[in-house]
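Q: got a predicted structure plus its sequence, pasted below:
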Amino acid sequence: MSANGKGIHRPDFAAIAEWVRPGSRVLDLGCGDGTLLRYLKSQRGVSGYGVEIADEKVLACVKNGVNVIQGDLERGLTEFEDQSFDYVILSQTLQAVKNSERIIRDMLRVGREGIVTFPNFGYWKNRLHVLAGYMPVSDNLPYEWFNTPNVHLCTIADFERFCRERRIRIVERKVLTSGAAVKWLPNLRGALAIYHFGNGA
Amino acid sequence: MDGSAGEHSVGIVAPQVARFTAPVTLKCGAVIDDYELVYETYGTLNAARSNAVLVCHALNASHHVAGVYADDPNNVGWWDNMIGPGKPVDTNRFFVIGVNNLGGCHGSTGPKSVNPATGKPWGGAFPVVTVEDWVATQARLADHLGIRQFAAVMGGSLGAMQSLTWAILFPERIRHAVVIACTPNLSAQNIAFNEVARQAIITDPDFHGGDYYAHGTTPKRGLRVARMVGHITYLSDDEMASKFGRQLKRGRLAYSFDTEFEIESYLRYQGNKFAEYFDANTYLRITKVLDYFDPAFEHGGNLARALAPAKASFLVISFTTDWRFSPERSREIVTALLDNRRDVTYAEIDAPHGHDAFLLDDHRYHRLVAAYFDRIAEEAGAPRAALDVPA
C-alpha cells in the first residue's frame, strides 16, 4: 500500500516527482491513500496536504503520515487561499469529476502551477474497443461502462485544445504507455497523459 | 457498558490532588490565591517525558476520564471507550492525564469550595472563568507533574476549545492538538441555548443568588431544565427520531401534563440524574466559559491571526449531524490552520448521533484517532507495546 520510494506502481508518480521542485508546497486533490504525497515528501522534501472524500482513504493517509483534508473537490477548494501552493496535483481524477473545468480553474487559483494526469481516451487500444463497438476496458480504464466513475474522459488532443482556448499555458507534457515514454504520435500511442500547466497562454 | 472488567480498561484508578499556592489572575481580573486541581493519570510517563497526553473535559465531565473506582465499580470514566490499553489513545504507550478544571464541582477548587477569605463556600462570589484560565492552570499542573511538553492535548467540544487554546497560548508545550467537535466560537443560537439554561437556574427560588449552600437548598429544578435544554442540542433530529420517535410511554394519550412521550421521559431522566450530582454554580460558569470562547475576538475576528502562534500539528474531527458545532465551524478552524501552513488533518465523520458522537464508540472515528495516535507515539519514541505484536 505504501511507497517508500521503491515499489511505486503508478507510473505517473515518478513522472510527477521529476517536475516538482524540492521543498515546494503541494496540494494533491483526490489524494487517495496519500502514496503520492508520501513519495513526494521522501523524494522531494515537499510539504502540503491531500484532499480526499472517502473515509477509508482518509484513514490510509493518516497511516501514511500525510496531512489530509476530508472534503469534496466538487464543492470547490474554499478552504485554500489563492496562490498558496507551488503545485496543485490532480492525478487520475480529472475524468471522474463533474465539473472538470471548474476544478482546473480552482487548481490555478490555489496553486501557481497545476499537474494533471488522465487516461488518454485517444489511445489506439481504446479506439479499437470503440471501433469494435464496446466501451474500452484496460489497465488505465479498468471499469465497465456500468460501474465506471469516469464521466469526463478526454483525449490528449481534447485537453490541449481545452488549454489553448482558455489560455492555460502547458509547461511540460509526458505521455506514457506501460510506464515507457511515448514521443511519436502520442494521442494514438499514449495510454496515460501527464501535464504540467500554468496561467497565461 | 461494562468498562470495569474489560481487558482494555485501565482498571482501578484513584484521583489525586495538586495544590497551588501561587496566585492565579483570571481573565476577568479576579485573583485566586490558592487552589486545588483534582486529576487522574493512566499509563506511565516515559524517561524522556515525551509521551504525556492531556485530556480536557467538556461541559459536565470531570477528571475521571477512564477506568473505575475501587469503591464504585460502576463509575466508568467518561471517555473510557477512547482511552485505555489497546484503545485509540493507548495507555500502554501514553501517559494520560485527566483534570477537573478550576471552577468545577468534582473536587477542584470551585464555587462549592470554601473561600479562605470568608470561611464559607464561594457560592455566587466565585469568579467567572474562561478557557484561557483553565489552560493556564492546566499548565501549572503540567509543571507540577514535570511535563514540559505534551505529546498531545485532546478534547471534544469544550474540551477541544482547550486543546486549541493550548496550541495558541503554549505553542512550545504541545506537539499535537486533537480538536474534536469544536467551533471557533459560539453562534448566537448556541449562546441562546446557554442563556435559557442559565435563566432556568438563576430564576429557581432555591438558587439564592448562588449562595444556596448556606440555605441548605439546591436549585435542582433549574438545573434539571438547564440539562434538558442542553441535551436537546447534543442529539441530532434524526437520532431523536430513531431513538424515541413519537413513542408513548403508556401506549395511549392521557391528555395531561405527565410524561406521555418517551422523549419527555428521557429528558426528565437525564435532567434528574444531572441535578443530583452537578453543581448549579459550576454549570452557570461553564456555560459562560463556552460563550466567551472566541480566540479571534482579540484579532479583529481573524481566526488565522489568532492561530498564528500555534506550532502544533492538528487533528480536527467533526461529525456530519452535529448541528450544535457543525462541520462548517470545524472547517473554519481548518482554514485558519491552512492559512498558517500548519500540519493539519481534517476528517468529517458521517455519524448519525449529533454533537454527542464525539463520546461514542464509532468505528471510523476511533480508527482514525488510533491511527493518528500511532503516529504521535512513533514520534514520541513510545513504540507499540509488546502485547500488541502478533505472536
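A: Received it, and whenever you're ready, just let me know what you need. Numbers count the residues shown, from 1 in each chain, chains lettered A, B, ... in the order given.
Q: any idea which element the residue in chain A that chain B sits nearest to lies in?
A: For chain A and chain B, the shortest gap (C-beta to the nearest C-beta) falls at residue A:62, measuring 4.2 Å. All C-beta spots, glycine's among them, are computed from the backbone N, C-alpha and C. Element membership of residue A:62 [criterion: DSSP states H and E] is helix A:55-63.
Q: verify the contact between the residue of chain A closest to chain B and residue B:371 for me.
A: Yes - using C-beta atoms under 8 Å, residue A:62 is in contact with residue B:371, at 4.2 Å.
Q: follow-up on the earlier one: tell me who's in contact with the residue of chain A closest to chain B.
A: By C-beta atoms under 8 Å, 6 or more residues apart in numbering or on different chains, residue A:62 lies in contact with A:68, B:345, B:368, B:371, B:372, B:375.
Q: and what of residue B:162?
A: Residues in contact with residue B:162 (C-beta under 8 Å, 6+ apart) are B:56, B:131, B:134, B:135, B:138, B:153, B:155.
Q: give me the low-pLDDT residue ranges for chain A?
A: Along chain A, segments meeting pLDDT under 70 span A:1-9, A:201.
Q: return the residues of it in contact with chain B.
A: Chain A comes close to chain B at residues A:25, A:47, A:49, A:55, A:58-59, A:61-63, A:65, A:67-71, A:78-81, A:84, as judged by C-beta under 8 Å from any C-beta of the partner chain.
Q: narrow those residues to those in helices?
A: Using DSSP state H, A:55, A:58, A:59, A:61, A:62, A:63 are the members of the residues of chain A next to chain B that sit in helices.
Q: what about burial for those residues, which qualify?
A: A:55, A:58, A:59, A:61, A:62, A:63 (16 or more other C-beta atoms under 10 Å in any protein chain shown).
Q: just give the nearest non-adjacent residue to the first one, would you?
A: Nearest residue to residue A:55 in three dimensions, chain neighbours excluded: residue B:364, at 5.3 Å (C-beta to C-beta, 6 or more residues apart in numbering or on different chains).
Q: which elements pack onto the helix or strand hosting the one you found?
A: For residue B:364, the host element (DSSP H and E) is helix B:363-379. Here helix B:363-379 touches helix A:55-63, strand B:89-90, strand B:150-156, strand B:174-180, strand B:313-319, strand B:344-349, going by 3 or more C-beta pairs under 8 Å, 6 or more residues apart in numbering or on different chains; DSSP states H and E.
Q: buried residues, stretch B:318-333. List them.
A: B:318-327, B:329-333.
Q: so which residues on chain B come close to chain A?
A: B:331, B:334-335, B:338-339, B:341, B:343-350, B:364, B:367-368, B:371-372, B:374-375.
Q: show me where chain A has its helices.
A: A:11-19, A:35-44, A:55-63, A:100-110, A:124-131, A:156-165, A:186-189.
Q: looking at the ones you listed, which is closest to residue A:90?
A: helix A:100-110 (6.4 Å; C-beta to C-beta).
Q: so what touches the closest one?
A: A:27, A:29, A:73-74, A:76-77, A:80-85, A:88, A:90, A:94, A:97, A:114, A:116, A:152, A:162, A:166, A:168, A:197-199.
Q: give me the distance from that helix to the chain's centre.
A: 13 Å (C-alpha atoms, centre = their mean, to the nearest Å).
Q: tell me the angle of it relative to helix A:156-165?
A: Helix A:100-110 and helix A:156-165 meet at an angle of 50 degrees, taking axes from the mean of the first three to the mean of the last three C-alpha atoms, to 10 degrees as the criterion.
Q: returning to what we had before: what's the closest of the buried residues of stretch B:318-333 to chain A?
A: residue B:331 (6.2 Å).
Q: so who does the closest residue to residue B:54 other than its chain neighbours touch?
A: Counting by C-beta to C-beta, 6+ apart, residue B:153 is the residue found nearest to residue B:54 once chain neighbours are left out, at 4.5 Å. Shown in contact with residue B:153 (C-beta under 8 Å, 6+ apart): B:53, B:54, B:56, B:162, B:163, B:166, B:167, B:174, B:176, B:177, B:178.
Q: could you check how far residue B:153 is from residue A:178?
A: When distances are taken as C-beta to C-beta, to the nearest Å, residue B:153 and residue A:178 turn out to be 50 Å apart.
Q: so where is the stretch 1-150 of chain B shaky, pLDDT-wise?
A: B:1-6.
Q: residue of it closest to chain A, please.
A: Closest point on the stretch 1-150 of chain B to chain A, by C-beta to the nearest C-beta, is residue B:88, at 11.6 Å.
Q: that residue touches residue B:370, doesn't it?
A: Yes - Residue B:88 is within contact range of residue B:370, at 3.9 Å (criterion: C-beta under 8 Å).
Q: quick revisit: return the most buried member of the helices and strands packed on helix B:363-379.
A: strand B:150-156 (a mean of 29; mean count of other C-beta atoms under 10 Å in any protein chain shown).
Q: still on that earlier bit, in JSON lines: the ones in helices among the residues of chain A next to chain B, plus distance to residue B:112.
A: Below are those laid out as JSON lines (distance: C-beta to C-beta, whole Å):
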{"residue": "A:55", "distance to residue B:112": "44"}
{"residue": "A:58", "distance to residue B:112": "44"}
{"residue": "A:59", "distance to residue B:112": "43"}
{"residue": "A:61", "distance to residue B:112": "46"}
{"residue": "A:62", "distance to residue B:112": "42"}
{"residue": "A:63", "distance to residue B:112": "45"}
